[in-house]
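In: mind looking at a prediction? Sequence and model below.
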Amino acid sequence: MPYRTNADVPPPVQRHLPSEAQDIYREAFNRAFAAHSGDLRQEEVAHRTAWIAVKRAYVKVGGSWIGKPVVSLESEPAGREHTSAMLGPSPPGGNFT
């Protein structure tokens, strides 16, 4: 059964997760529930998928769920330059094969 609001998610989810994490749980559950329509384990798969989604964005520290830091993609080109520098110069024509 899909959840319309965070007030509809299971009580343990409401008690333990912050509001933003409940949003993630609810949205992931609803998508997985719809995607597995007709599957005998539809609800089980949806709950597992929802927890995986929460754990991608949050980590449990002690008894609290804390948001993980967001990694910026702006630093990616510098990382690529570093990787290229580690590989050394390209062969003539830039073809490695």
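Out: Cool, the structure landed.
In: residues contacting residue 6?
Out: Listed by CB atoms under 8 Å, 6 or more residues apart in numbering, the contact set of residue 6 reads 14, 19, 22-23, 26. Glycine gets a C-beta too; all of them are placed from N, C-alpha and C.
In: ok, 6 Å please
Out: By CB atoms under 6 Å, 6 or more residues apart in numbering, the residues touching residue 6 are 22, 26.
In: now do it, the pLDDT please.
Out: Residue 6 is assigned 97 on the pLDDT scale.
In: give me phi/psi at it?
Out: Recorded main-chain torsions at residue 6 are phi -60, psi -20, according to degrees, to the nearest 10.
In: relative to residue 24, how far out is it?
Out: Using CB to CB, to the nearest Å, one obtains 10 Å as the distance from residue 6 to residue 24.
In: in the protein, which spans are helices?
Out: Read by DSSP state H, the chain holds these helices, from start to end of the chain: 11-16, 19-35, 42-57, 76-87.
In: and the third one, average pLDDT?
Out: Within the predicted structure, the mean pLDDT of helix 42-57 is 96.
In: how much space between residue 44 and residue 50?
Out: Using CB to CB, residue 44 is found at 11 Å from residue 50.
In: low-confidence bits of this structure, can you list those?
Out: With pLDDT under 70 as the threshold, the chain has low-confidence stretches at 75-97.
In: how far away is the spatially most central residue of the chain from residue 70?
Out: Central residue check for the chain by CA atoms, centre = their mean: the C-alpha nearest the mean position is that of residue 56, 3.6 Å away. Separation of residue 56 from residue 70 (CB to CB) stands at 11 Å.
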